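[1] just to be clear, the model below is a prediction. Sequence and coordinates:
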Amino acid sequence: MKKIFIILTAAVVAVSAYASEFADISVSEVSKLAEAKSAVIIDVNGAKSYAAGHVPGALSFAAIKNNLAASLPADKGALIVAYCGNSKCGAYLQAAKAVQKLGYTNVKHMAAGISGWKEAGMKTEPAK
């Protein structure tokens, strides 16, 4: 029983560390950034979801992942926001870790995802 408790405790600690690797940013903050075009916002939901509707100005990770560096600003301190479907979705990590690997230091996560965006009454933009 003691071994199971230790394993479960270690798993909880690992998940907590994993979840907080990138700072969360609220829907309202992302809305302001999108309107001001003052951050690179990356949608990691896949091509079909992106086409159906995404945060205005967001880039599709599916479309840019093979040439990611070309889609990002030269300033490694620029704000990059990644999001996926909802607060339980971990797909955003693909983009967040990829940009971090390129040397970007200001990477955040909109944990609410596109579902939280829509629930907040924010408008989406269809693919062009």
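    Looks like it arrived, so ask away.
[2] CA atoms for contacts and neighbours, from now on please.
    Fine.
[3] residue ranges in this protein under the pLDDT threshold?
    The chain contains residues with pLDDT under 70 at 1-20.
[4] which residue ranges form the strands in it?
    Taking DSSP state E as the test, the strands found in the chain are 23-24, 40-43, 59-60, 79-83, 106-109.
[5] how many neighbours does residue 42 have?
    Residue 42 sits with 25 neighbouring residues when counted by other CA atoms under 10 Å.
[6] distance of it relative to residue 34?
    Separation of residue 42 from residue 34 (CA to CA, to the nearest Å): 11 Å.
[7] what residues are shared contacts of these two?
    residue 58 (CA atoms under 8 Å, 6 or more residues apart in numbering).
[8] would you map the helices across the chain?
    With DSSP state H, the ranges of helices along the chain come out as 2-19, 27-36, 47-52, 61-64, 68-71, 92-101, 113-119.
[9] residues contacting the fourth one, please?
    Right, helix 61-64. By CA under 8 Å, 6+ apart, the residues outside helix 61-64 that reach it are 42, 43, 44, 45, 46, 47, 71, 95.
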